[in-house]
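A.B. asks: Okay, predicted coordinates and the sequence, questions at the end:
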Amino acid sequence: IGELAAGMAHEIRNPLTSIRGFMQLLKQRLLAVGMGAETLYSDYALEEIDRANTIITDFLTLAKPKEEIWLLIDINELLDKMLQLVENQAVLRGVCLTWQFTTNLPKIKGKADALVQVFLNIIANALQATPKGGSIHITTSQLDDNMLIVSIQDTGNGMSSTVRERIFAPFYSTKEGGTGLGLALCRQIVEEHNGEIQVTSALGEGSCFSVLLPIA
Ligand SMILES: Nc1ncnc2c1ncn2[C@@H]1O[C@H](COP(=O)(O)OP(=O)(O)OP(=O)(O)O)[C@@H](O)[C@H]1O
Ligand SMILES: [Mg+2]
């Protein structure tokens with residue numbers, strides 16, 4: 001994605017910030033003049049502005065990966081910390097989130113924040129695809145002398161092969177309000193780590209995303 005597009009996205013954010021400010025003022029004025037019911041419209045507008053902002057932020061992250069130092073990373077440790085954050089979301093959705101890690105895995109070399117983002121995105125998708133009562137299972141293991149593998153398996157809706165072929169394309173989404181940047185970002189980060197994402201899926205049965213990462 002070009003410099004130009006990234007520059008444009010950046011420039012769109014400034015007027016959006018002004019619009020947001022004026023909209024908040026307008027809301028306060030509406031309340032002050034006793035038009036409380038009409039604040040619903042300003043709330044909708046504010047929500048939409050926030051949505052546009054999120055899309056731009058995701059897009060900028062994709063277009064300009066931020067500088068981060070490469071460190072030796074214990075993938076189990078990284079996932080363990082991250083899972084504390086998502087466990088709650090799973091509980092709220094009535095989805096059973098479990099994990100089983102292979103102990104004493106060799107370290108990988110990587111950017112911790114970027115890798116967290118990869119797993120958060122994949123797990124967010126799994127949560128969104130899995131109805132109440134379903135489950136998500138995460139495992140880590142050593143694939144061979146060179147690679148570790150992190151698998152995220154869900155019992156969600158799965159994908160048709162037509163959808164499956166397009167999921168990594170930027171802006172491809174089957175969700176209402178989805179930006180379709182999540183997996184494009186994941187793939188970019190994983191490839192930067194000289195890894196690979198493999199996907200298997202069956203409609204109505206679930207999907208499995210496997211992230212392969214080279215051992216340091
Ligand atoms: N675990 C999954 N089960 C079923 N479909 C999935 C799964 N993960 C991804 N998909 C499909 O891949 C598409 C692209 O995913 P991606 O994360 O890139 O975008 P998104 O989730 O739609 O939007 P967002 O930008 O908010 O992440 C989804 O819209 C969905 O159709
Ligand atoms: Mg997503």
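C.D. replies: In hand now; what should we look at? Please read these numbers as outputs of a predicted model, since none were measured by experiment. Numbers count the residues shown, from 1 in each chain. Ligands and ions are numbered 1, 2, ... in the order given.

A.B. asks: how near is the residue nearest to the spatial centre of the chain to ligand 1?
C.D. replies: Residue closest to the average C-alpha location in the chain (C-alpha atoms, centre = their mean): Asn121, at 2.4 Å. Distance of Asn121 to ligand 1, computed by C-beta to the nearest ligand atom, to the nearest Å: 6 Å. Just so you know, the C-beta spots here come from the backbone N, C-alpha and C atoms, and that holds for glycine as well.

A.B. asks: try Asp43
C.D. replies: 21 Å.

A.B. asks: And for Gly180?
C.D. replies: 4 Å.

A.B. asks: Report how many residues lie close to the closest residue in space to that residue that isn't next to it in sequence.
C.D. replies: In space, and not counting its chain neighbours, Gly180 is closest to Ser173: 3.4 Å by C-beta to C-beta, 6 or more residues apart in numbering. By the criterion of other C-beta atoms under 10 Å, Ser173 has 16 neighbours.

A.B. asks: Thr103 now?
C.D. replies: 6.

A.B. asks: quick one: it and Asn76 touch, right?
C.D. replies: Yes. The pair Thr103 and Asn76 qualifies as a contact (C-beta atoms under 8 Å) at a distance of 7.4 Å.

A.B. asks: contacting residues around the residue in the chain that ligand 2 sits nearest to?
C.D. replies: Per C-beta to the ion, the residue of the chain with the smallest distance to ligand 2 is Gly182, at 3.0 Å. Gly182 sits next to 58, 121, 124-125 when contact means C-beta atoms under 8 Å, 6 or more residues apart in numbering.

A.B. asks: what's the answer for Asp113, then?
C.D. replies: Residues in contact with Asp113, defined by C-beta under 8 Å, 6+ apart, are Glu68.

A.B. asks: would you say it is within a helix?
C.D. replies: Yes. According to DSSP: H, G, I helix; E, B strand; the rest coil, Asp113 belongs to a helix.

A.B. asks: That one and Ile12, how far apart?
C.D. replies: Between Asp113 and Ile12 the distance is 25 Å, computed by C-beta to C-beta, to the nearest Å.

A.B. asks: At the contact with ligand 2, which residues of the chain appear?
C.D. replies: Within the chain, the positions adjacent to ligand 2 are 125, 182 by C-beta under 5 Å from the ion.

A.B. asks: Could you tell me which ranges of the chain sit under the pLDDT cut-off?
C.D. replies: Along the chain, segments meeting pLDDT under 70 span 1-2, 64-66.

A.B. asks: Against the centre of it, work out the most remote residue.
C.D. replies: Most distant from the centre of the chain: Val33, at 41.6 Å, with distances by C-alpha atoms, centre = their mean.

A.B. asks: Got phi/psi on that residue?
C.D. replies: The phi/psi pair for Val33 (degrees, to the nearest 10) reads phi -100, psi 20.

A.B. asks: Help me confirm that Trp70 comes into contact with Ala112.
C.D. replies: No. Contact criterion C-beta under 8 Å: Trp70 and Ala112 do not qualify, at 9.3 Å.

A.B. asks: those strands in the chain, which residues are they?
C.D. replies: For the chain, strands defined by DSSP state E occupy the ranges 71-73, 96-101, 108-110, 135-142, 147-154, 196-202, 206-214.

A.B. asks: Good, we can wrap up now.
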